[in-house]
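> Whatever this is, show me its structure:
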Amino acid sequence: MHNAARPILGLAAFFIGQPIWLRLRRLNMEVKLYVGNLSYETSEDELRALFGQAGAIASVAIIKDRDTGRSKGFAFVEMTTQSDAQKAIGMYNGYKVKERELTVNLARPREERSGFGGSSFNRSGAKHKPRGGNRNY
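Numbers count the residues shown, from 1 in each chain. Below you'll find the predicted structure:
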């Protein structure tokens, strides 16, 4: 096999079995930003207009409490390019919106959560033993 074909095959193998929207998103290399210290009254349209001044936006999502539907005070903004994301960080980290100083930085990858009800499993899949012992007093 010709060596030039290997990277293409590696990339194809990476994408096999993934939904088309995920494949396209990874090819476009959109950059997700964390936007914190938002006023609870800030809307997604306001964020879209603000960050649109820094470059092209792929998506805006204000994170809301699942029970009340009220904003949790932070959002994620996806910029279409790395350079637009860096420009947005430079423009809006520390920028005041509705008397609140925004925190804008690259979003960290989402951490895995433990199972339902707070139960947790170790790497082998075995459930952890409860702490505190089982003494009867």
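> in the chain, which spans are strands?
Along the chain, the stretches classed as strands by DSSP state E are 31-36, 57-64, 71-79, 96-97, 100-101, 103-106.
> Any buried residues in the longest one, and which?
Just to be clear, that refers to strand 71-79. Across strand 71-79, burial judged by 16 or more other CB atoms under 10 Å covers S71, A75, V77, E78, M79. The C-beta positions use only the backbone N, C-alpha and C, and glycine is treated the same way.
> Closest one of these to K32?
Of all these, K32 sits closest to E78, with 5.0 Å by CB to CB.
> okay, the strands of the chain in CSV with mean pLDDT next?
Listed next are the strands of the chain as CSV, based on pLDDT from 0 to 100:
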stretch, mean pLDDT
strand 31-36, 96
strand 57-64, 96
strand 71-79, 97
strand 96-97, 96
strand 100-101, 96
strand 103-106, 96
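> and I89, which of those strands is closest to it?
Across those, closest to I89 is strand 103-106 (CB to CB), at 5.2 Å.
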